[in-house]
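Q: following is a predicted model, sequence given first.
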Amino acid sequence: MSEEIPNMIGALVDGNKVDAETHFKNAIAHKIGDALDLKRIEVANSLVKGQPDTPLEGSTDEEV
């Protein structure tokens, strides 16, 4: 993503609006993808942490 913004600005300076639009869309897509990845990790961690530590009924973890 770090290259997309300077490329977009360069395209705007050159008057190439089509390339500027492409670079803008790519930058936004990367930003949204990164945000979604972080949210997926956050949700997964909250699901794991939210599980009770009690064993399930009928569990055979008892020593014999």
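A: In hand now; what should we look at? None of the values given here were measured: they were computed from a predicted structure. Numbering: from 1, shown residues only.

Q: gap between residue 22 and residue 35?
A: Per Cβ to Cβ, to the nearest Å, residue 22 is found 21 Å from residue 35. C-beta coordinates here come from the backbone N, C-alpha and C atoms, glycine included.

Q: pLDDT score for the residue most central in space within the chain?
A: In the chain, the C-alpha nearest the mean C-alpha coordinate belongs to residue 37, at 2.0 Å (Cα atoms, centre = their mean). Predicted confidence (pLDDT) for residue 37: 97.

Q: quick one: it and residue 19, what's the gap?
A: Distance from residue 37 to residue 19, by Cβ to Cβ: 27 Å.

Q: more crowded one of residue 22 and residue 35?
A: Between residue 22 and residue 35, residue 22 has the larger neighbour count (other Cβ atoms under 10 Å), namely 15 against 10.

Q: so what's the residue count around residue 24?
A: Residue 24: 16 surrounding residues under other Cβ under 10 Å.

Q: isn't it right up against residue 7?
A: No - at 9.6 Å, residue 24 does not count as touching residue 7 under the criterion of Cβ atoms under 8 Å.
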